[in-house]
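A.B. asks: Predicted model and sequence below, questions to follow.
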Amino acid sequence: MRKLCHCGQEMSLDFRVLIFEGIIEIDRVPVFECEQCSHYEVLPAIKPDLLALLGELKASREQGLVLFNEVSELADVMYGIYRTWSETDSPSFESLLDQKCKERINLLLDVYGCAKGMEDQVWMEDISKRLAQISDFVNNSQFSRTN
């Protein structure tokens, strides 16, 4: 999983801690990182989720640590693959990501059915939000556009 940096070198996927307003650490944020010039960019596919989180954090004035993969369904799937995948393994990270995203969508749909059966509106709304995060990515193939 790579992208070209503005310096001409390849950037690779990594996960970083971002510090928001000097008081909140947001860990496990997927970024493209260049080893040559140390430039990094948040993955375009997760940027909307990150911006939404930053807005919530600013409004709440909380302090501490947030694990981004607990907020973004796509980041969670990516982080799960990243922890165990190596470049020598097959299939490629991208095809594994596609497969795992589809599996997560199916799981979330099953959980939504359970929440609906229990008539738990709050749970249904949370699952709907998570489904939207990951299905938008799969439907729009956002990740493949960043290569």
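C.D. replies: Great, that's in hand.
A.B. asks: if I look at the closest residue in space to Val17 that isn't next to it in sequence, how far off is Asp110?
C.D. replies: Nearest non-adjacent residue to Val17, counting by C-beta to C-beta, 6 or more residues apart in numbering: Asp27, 4.8 Å away. Heads up, the C-betas are built off the backbone N, CA and C, glycines and all. Look at Asp27 and Asp110: by C-beta to C-beta, to the nearest Å, they are 29 Å apart.
A.B. asks: neighbour count winner among those two?
C.D. replies: Neighbour comparison, Asp27 and Asp110: the larger count goes to Asp27, with 15 against 11 (by other C-beta atoms under 10 Å).
A.B. asks: Quick check: beta-bridge partners of the residue nearest to Val17?
C.D. replies: Leu67 (DSSP bridges).
A.B. asks: you'd agree it is up against Glu70?
C.D. replies: No: Asp27 is not in contact with Glu70 according to C-beta atoms under 8 Å; the separation is 9.7 Å.
A.B. asks: Name the nearest residue to Leu18, ignoring sequence neighbours.
C.D. replies: Closest to Leu18 by C-beta to C-beta, 6+ apart is Ile26, at 4.6 Å.
A.B. asks: Hmm, Phe68 and the one you found touching each other?
C.D. replies: Yes: Ile26 is within contact range of Phe68, at 5.3 Å (criterion: C-beta under 8 Å).
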